[in-house]
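**Student:** output the structure for:
(chains A and B)
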Amino acid sequence: MLDIQLLRSNLPFVVERLATRGVTLDSGAFETLEAERKRLQTQTQDLQARRNTLSKQVGILKSKGEDASAVLAEVAGLGDALKAGEAALAELMPRFDAFLAGIPNLPHESVPAGRDESGNIEVLRWGAPKTIAAPRDHVELGSALGGLDFETAVKISGSRFAVMKGQIARLHRALAQFMLDLHTGEHGYTEVYVPYLVNAESMFGTGQLPKFEADLFHVPRDENEKFYLIPTAEVPVTNMVRGEILDAAALPLKFVAHTPCFRSEAGSYGRDTRGMIRQHQFDKVELVQIVPPEKSWQALEELTGHAEAVLQKLDLPYRKMALCSGDMGFSAAKTYDLEVWLPAQNAYREISSCSNFEAFQARRMQTRFRSEKSKPELVHTLNGSGLAIGRTLVAVLENYQNADGSITVPAALRSWMGGLEKITAA
RNA sequence: GGAGAGGUGGCAGAGUGGUCGAAUGUACCUGACUCGAAAUCAGGCGUAGGUGCAAGCCUACCGUGGGUUCGAAUCCCACCCUCUCCGCCA
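**Tutor:** Below is the predicted model:
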């Protein structure tokens, strides 16, 4: 959520920054809402103040045993105007809040302008893709090794799910273990285990609701309430601090979590239908940081570096992209995507997304910290995949394939694979 | 699933219709005393919003949402959560 004060004091600036995202803010609608809000609120609060004063007088008069009927008559005269004002406010404020909640974050000044992904800027390229003659894709490799089975997954659930078996399943698990140990051991993150079903307030806090309900899976709880399956650990982990006023000395908070992620992938029916690239369920190791505002830009660089370290230790070629204004997510002020080399696609594909949300999520969550003596101040939040495990598995299979269809186990993973150096057909 | 108890400020804990945003204790901040500290004493100390150049003034908030009333932390209704006991369960 944007700072309401910023919209009031500098609406043209907000309009201009949002335009770089391809978003047109209806400034006329805002000005109308704001004028109405101001009129109703001041008027209603004046009436409330009058009523409170008179009601106090009633109490004083009655305690003295005096007649209060004149005051009671006056306060009765306020009744209708007061009720009408309160009702009008109660009707207006949700519309006002909904308008505000639907506005995406403003891109940071360092974000390149652009309409779509073609405007993204490559800021770094690491590692040289190996030359692989006639590379096979992960579906072919995994199936031949007896470790990837999409047909069975279709029977159990439907499309966009996978079954893994044997050493491939173990490799998948090894990747998660490796990433968790790296981030906790070398990057200073605290491992957390969190719920996979969350409430609507949490989804609102990180910005998935109200705009992106269609991308989420829902689980009914009772007639009035439902849970949402998390689309990323960002949601439960970041919301751990929702509504909190943190001690300044406790910052930064750095959490890492390994969770499954569930996405309905509404609106992407034709894309990446083959293999494990785009699934309804996938595992991810997520990095989350809660930091003081002045530290967040440095933290974004560090956090992205932590995700890059995973790729480097696995010796997987990748490039780092600065997303342009038009390609960023709703809540982000700036995002780096890491894209890993996939030989069979002859392309770099997204494997991590690292963002600084500045105070956008913190304001929705009301997460603040108390710097010495001053008023509570909103924190900044960041997160990034470190990494998406399903896609990392794909990258390992395709980049480490051998001519005979076997897979060399990357050196960094062998201690989690019982020392195994090569995966061959069972 | 059944029975009971309870949700009030950072924490503990009063308050059951009226100058209550809320006693008291504790923690914390400032000052006094002290060579310094402890102890003691005095003062301060919730959040959000509105308005104002500012000092300030005003509004809302006692789990959440409704209701009764001139007036609700307090009364009524619904819901949520926590704890204890029983049952079941990994």
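**Student:** show me where pLDDT drops low in the stretch 101-250 of chain A?
**Tutor:** Counting by pLDDT under 70, the stretch 101-250 of chain A shows low-confidence ranges at A:223-224.
**Student:** let's see it at 90
**Tutor:** For the stretch 101-250 of chain A, the stretches with pLDDT under 90 are A:101-102, A:130-131, A:133, A:199-201, A:209-214, A:218-227, A:241-250.
**Student:** quick check: the residue of it nearest RNA strand B.
**Tutor:** In the stretch 101-250 of chain A, the residue that lies nearest RNA strand B is A:Asp222 (6.1 Å; C-beta to the nearest atom of the strand). Where you see a C-beta, it was placed from the backbone N, CA and C, and this is true even at glycine.
**Student:** can you give me the pLDDT of the residue of the stretch 51-200 of chain A found nearest RNA strand B?
**Tutor:** Relative to RNA strand B, the nearest point of the stretch 51-200 of chain A is A:Gly59 (3.0 Å; C-beta to the nearest atom of the strand). On the pLDDT scale, A:Gly59 is placed at 86.
**Student:** same thing with A:Gln366?
**Tutor:** As predicted, A:Gln366 sits at a pLDDT of 86.
**Student:** now it: how far from A:Leu106?
**Tutor:** Distance, A:Gln366 to A:Leu106, by C-beta to C-beta, to the nearest Å: 20 Å.
**Student:** just to revisit the earlier point, neighbours of the residue of the stretch 51-200 of chain A closest to RNA strand B, how many?
**Tutor:** Applying other C-beta atoms under 10 Å, we find 10 other residues in the vicinity of A:Gly59.
**Student:** if I look at the closest residue to A:Leu7 other than its chain neighbours, how far off is A:Arg95?
**Tutor:** Closest residue to A:Leu7 apart from its sequence neighbours, by C-beta to C-beta, 6 or more residues apart in numbering: A:Val14 at 5.6 Å. To A:Arg95, A:Val14 is 19 Å away according to C-beta to C-beta.
**Student:** these two: which has the busier surroundings?
**Tutor:** Between A:Val14 and A:Arg95, A:Val14 has the larger neighbour count (other C-beta under 10 Å), namely 20 against 13.
**Student:** near RNA strand B, which residues of chain A show up?
**Tutor:** Neighbours of RNA strand B within chain A, by C-beta under 7 Å from any atom of the strand: A:4-5, A:8, A:38, A:41-42, A:45-46, A:48-49, A:51-56, A:58-60, A:62-63, A:72, A:75-76, A:79, A:90, A:222, A:224-225, A:245, A:368, A:373, A:375-376.
**Student:** ok so, going back, on the three-state scheme, the residue of the stretch 51-200 of chain A closest to RNA strand B is what?
**Tutor:** Per DSSP: H, G, I helix; E, B strand; the rest coil, the secondary structure class of A:Gly59 is helix.
**Student:** A:Leu287 too?
**Tutor:** At A:Leu287 the chain is in strand, as set by three-state DSSP.
**Student:** ok, what's across the strand from it?
**Tutor:** A:Val256, A:Gly384 (DSSP bridges).
**Student:** show the pLDDT at it.
**Tutor:** Reported pLDDT at A:Leu287 in the predicted model: 98.
**Student:** does it really touch A:Leu387, like I thought?
**Tutor:** No - using C-beta atoms under 8 Å as the test, A:Leu287 is too far from A:Leu387 to be in contact (9.6 Å).
**Student:** what's the overlap in contacts for those two?
**Tutor:** Taking C-beta atoms under 8 Å, 6 or more residues apart in numbering as the criterion, A:Leu287 and A:Leu387 both touch A:Ala307.
**Student:** ok, back up a step: and the residues of chain A next to RNA strand B, which are buried?
**Tutor:** Among the residues of chain A next to RNA strand B, those that count as buried by neighbour count (16 or more other C-beta atoms under 10 Å) are A:54, A:75, A:368.
**Student:** can I get stretch A:109-117 in CSV? Just the C-alpha atoms.
**Tutor:** In CSV, the C-alpha atoms belonging to stretch A:109-117 read as follows (Å, rounded to 0.1, in the frame of the first residue of the first chain):
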residue,chain,number,x,y,z
GLU,A,109,14.3,5.4,-9.5
SER,A,110,16.9,2.9,-10.5
VAL,A,111,14.4,0.6,-12.2
PRO,A,112,14.7,0.7,-16.0
ALA,A,113,11.6,2.0,-17.8
GLY,A,114,9.9,-0.6,-20.0
ARG,A,115,6.6,-2.0,-21.0
ASP,A,116,7.2,-5.7,-20.7
GLU,A,117,10.0,-8.3,-20.3
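**Student:** and for it, what's in contact with it?
**Tutor:** Contact with stretch A:109-117 is made by A:20, A:22, A:119-121, A:322-328, A:333-334, as judged by C-beta under 8 Å, 6+ apart.
**Student:** relative to RNA strand B, which of these is nearest.
**Tutor:** Set against RNA strand B, the nearest of these by C-beta to the nearest atom of the strand is A:Ala333 (19.7 Å).
**Student:** residues contacting the closest one?
**Tutor:** With C-beta under 8 Å, 6+ apart, A:Ala333 has these contacts: A:105-108, A:111, A:355-358, A:360.
**Student:** 6 Å instead?
**Tutor:** Listed by C-beta atoms under 6 Å, 6 or more residues apart in numbering, the contact partners of A:Ala333 are A:105, A:108, A:356, A:358.
**Student:** for the residues you listed, give me JSON lines that also has neighbour count and distance to A:Arg278.
**Tutor:** Compiled in JSON lines, the contacts of A:Ala333 are given as follows (neighbours: other C-beta atoms under 10 Å; distance: C-beta to C-beta, whole Å):
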{"residue": "A:Asn105", "neighbour count": "25", "distance to A:Arg278": "25"}
{"residue": "A:His108", "neighbour count": "18", "distance to A:Arg278": "28"}
{"residue": "A:Asn356", "neighbour count": "27", "distance to A:Arg278": "26"}
{"residue": "A:Glu358", "neighbour count": "24", "distance to A:Arg278": "29"}
